[in-house]
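> Generate coordinates for the sequence data below:
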Amino acid sequence: MRIVPMILALLLVPAACGRLDEVGRAPGFTPFEGSPQHSSIYAAPAETGRPATNSSLWSSGREALFGDRRAARRGDILTVVIEIDDKAEISNTSGRSRSGEIEMGISELLGLPQNIAAQGDGDFALATAAAAQGDSSFSGQGSVRRNEKLTLRIAATVIEELPNGVLRIEGEQEVRVNHELRQLVVSGFVRPGDVSRQNEIGYDKIAGARISYGGRGLVSDVQQPGWGQQITDIVLPF
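Predicted coordinates:
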């Protein structure tokens, strides 16, 4: 019986040692090299506008005075504006009541009920051979109240241009203060026409948006139960 605890201990040791390399120092940043954003930025061709001819001061490239500088192809960068101020309040009340009664009897069956009644003491008869009665009731009440507010801005990179013109974007932002690392991640699909002249787009115009705002470090560690307690909460049935 001692083999099982030993096996569990051996399986849990790597999980505990995974964070030991950060003891005494701040958490490291996520490597940017090798990510889809890194590959898209380096793969994007350089913008070369047609030079001015003769005495003209104008050029026809995107860098011109009235050129369209909005993100429209792989490697371009745009700003995602996240302004979430959602409130939701739901209150439900339900009730149910049901009552039923069933009674069955045999009054005539080739004289059998009468013969049984005549041979008995008069208390037994098949006039009421079976009877059933049921009554049930239910009452429920519930309410949900949520209030979320988040205001953030992040630069995202166009990592893919789909055949229908839709752009796939991804953006990551990490800020380290002392020994706490805050991480913001956003991804999704946008239409080039939804990008404003300021090269910005709101989160509500991103299809399949995935927004994550969290962090890791000393503060996050003390706000969460230890890995042993988390495993115990999952395994124990009570």
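
> continuing past the helix or strand bottoming out on mean pLDDT in the chain, what's the next helix or strand?
Ranking every helix and strand in the chain by mean pLDDT, DSSP states H and E puts helix 3-17 at the bottom, with a mean of 54. Sequence-wise, the next helix or strand downstream of helix 3-17 (DSSP states H and E) is helix 36-43.

> buried stuff in the following helix or strand past that next one?
Using DSSP H and E, the helix or strand that follows helix 36-43 in sequence is strand 77-104. Buried residues in strand 77-104, counted by 16 or more other C-beta atoms under 10 Å: 77-82. No exception for glycine: its C-beta is placed from N, CA and C like everyone else's.

> Kindly provide the whole-number mean pLDDT of strand 77-104.
Average pLDDT, strand 77-104: 85.

> and the angle for that strand with helix 36-43?
150 degrees (axes from the mean of the first three to the mean of the last three C-alpha atoms, to 10 degrees).

> name the helices or strands packed onto strand 77-104?
The elements that strand 77-104 packs onto, with contact taken as 3 or more C-beta pairs under 8 Å, 6 or more residues apart in numbering; DSSP states H and E, are strand 130-161, strand 167-177, strand 200-202.

> again, only using 10 Å
Under the contact definition 3 or more C-beta pairs under 10 Å, 6 or more residues apart in numbering; DSSP states H and E, strand 77-104 sits against helix 36-43, strand 130-161, strand 167-177, strand 180-190, strand 200-202, strand 207-217.

> Within its sheet, name the partner strands of the fourth one and how each one runs.
Strands that pair with strand 180-190, judged by DSSP bridges, come out as strand 167-177 (antiparallel), strand 207-217 (antiparallel).

> Many thanks, we can stop here.
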